[in-house]
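Asks: output the structure for:
(one chain, ligands or ions: 1)
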Amino acid sequence: MAADVIAIDGPAASGKSTIAARIAGILGIPYINTGNMYRAVTFYALTRGVKPCRDRQTETVALLDRLILEYRRTDNGTYELFLNGEAAGAAIRTPEVTACVSQAAAMPEVRTWLLRQQRDYANLGRIVMEGRDIGTVVFPDAAYKFFLTASPEARARRRLGQAGETPADATIRSVAAEIAARDRLDSSRAAAPLRQAPDAVLIDSTELTIDQVVDIIIARVRHADH
Ligand code: CDP
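Replies: Below is the predicted model:
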């Protein structure tokens, strides 16, 4: 039987998080953001004085033994990421974390460590899971797969509008460059690269509103359910 997962993949700042959260709210199901899990590993390494780049791979991987990551259900019914018992919050979405996260995410041991946890969330019943490799590697048998894209300019513009996620002096150009560099790293790595699953529905949201994208996904899920 297919995993009861709505998989949403796509490149950086393609609107996945906003869309995934809305879908989960409408359907009343958990939303798991796997990018935040890679960010939490990166954040933790940085707080331990380890910049998780290629030549610090051994030290980064060793830190995993001291890290407990879990999505917990909060009072309002949404799922929030906890890092060693504390809510991860906005600290994992700062430009400092963003600058190194793709390098941590390219480490095979980091991916294997997170993969086991990500697969366990299927025990929650139907879920929305968002990331880069959900439809290809985490749940290749997901019941629903979507791949979200938008033009580089639209993505840079959206990211610039997200408070605290870009440096104070950021411009459309600098944000577009950061996004392009991360996409390049994410697409070219050997372990679970960013790529559209052959059976995923491609949605280019450059000219679409959030509501329109949400409507497309909800309509497909409801149609398939009946
Ligand atoms: O929100 P944004 O588009 O900036 O990225 P994110 O979803 O928070 O993911 C941050 C980084 O984590 C990505 O650039 C990837 O390097 C990595 N990631 C991954 O490798 N696999 C996933 N399933 C999710 C994220």
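Asks: from now on I want contacts and neighbour counts done on CA atoms only, so please keep to that.
Replies: Fine.
Asks: please tell me I have it right and V221 contacts F146.
Replies: No - using C-alpha atoms under 8 Å as the test, V221 is too far from F146 to be in contact (10.7 Å).
Asks: more neighbours: which of the two?
Replies: In this view V221 and F146 are compared by other C-alpha atoms under 10 Å, and F146 has more residues nearby, 22 against 16.
Asks: do the host helix or strand of that one and the ligand meet at all?
Replies: Using DSSP states H and E, F146 sits within strand 142-149. No - counting by C-alpha under 6 Å from any ligand atom, the ligand has no neighbours in strand 142-149; the shortest distance is 10.7 Å.
Asks: tell me the helix or strand right after that strand.
Replies: Criterion used, DSSP H and E; the element after strand 142-149 is helix 152-160.
Asks: wait, does that next one contact the ligand?
Replies: No - Helix 152-160 is not in contact with the ligand by C-alpha under 6 Å from any ligand atom; minimum separation 7.9 Å.
Asks: let me know the average pLDDT across that helix.
Replies: For helix 152-160, the per-residue pLDDT values average out at 93.
Asks: compute the inter-axis angle for it and strand 142-149.
Replies: Interaxial angle of helix 152-160 relative to strand 142-149 (axes from the mean of the first three to the mean of the last three C-alpha atoms, to 10 degrees): 100 degrees.
Asks: extract the C-alpha set from stretch 58-78 and format it as PDB.
Replies: The C-alpha trace of stretch 58-78 is given here as PDB (Å, rounded to 0.1, in the frame of the first residue of the first chain):
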ATOM      1  CA  THR A  58      33.700  13.800  11.000                       C
ATOM      2  CA  GLU A  59      33.100  16.300  13.800                       C
ATOM      3  CA  THR A  60      29.600  17.200  12.500                       C
ATOM      4  CA  VAL A  61      28.600  13.600  12.300                       C
ATOM      5  CA  ALA A  62      30.000  12.900  15.800                       C
ATOM      6  CA  LEU A  63      27.700  15.600  17.200                       C
ATOM      7  CA  LEU A  64      24.600  13.700  16.100                       C
ATOM      8  CA  ASP A  65      25.100  11.400  19.100                       C
ATOM      9  CA  ARG A  66      24.300  14.300  21.400                       C
ATOM     10  CA  LEU A  67      21.300  15.600  19.400                       C
ATOM     11  CA  ILE A  68      17.700  14.700  19.900                       C
ATOM     12  CA  LEU A  69      15.300  16.100  17.300                       C
ATOM     13  CA  GLU A  70      11.600  15.600  17.300                       C
ATOM     14  CA  TYR A  71       8.400  17.100  16.000                       C
ATOM     15  CA  ARG A  72       6.000  17.400  18.900                       C
ATOM     16  CA  ARG A  73       2.300  18.200  18.700                       C
ATOM     17  CA  THR A  74       1.500  21.600  20.300                       C
ATOM     18  CA  ASP A  75      -1.600  22.800  22.000                       C
ATOM     19  CA  ASN A  76      -3.000  24.300  18.800                       C
ATOM     20  CA  GLY A  77      -2.600  21.000  17.000                       C
ATOM     21  CA  THR A  78       0.400  21.900  14.800                       C
END
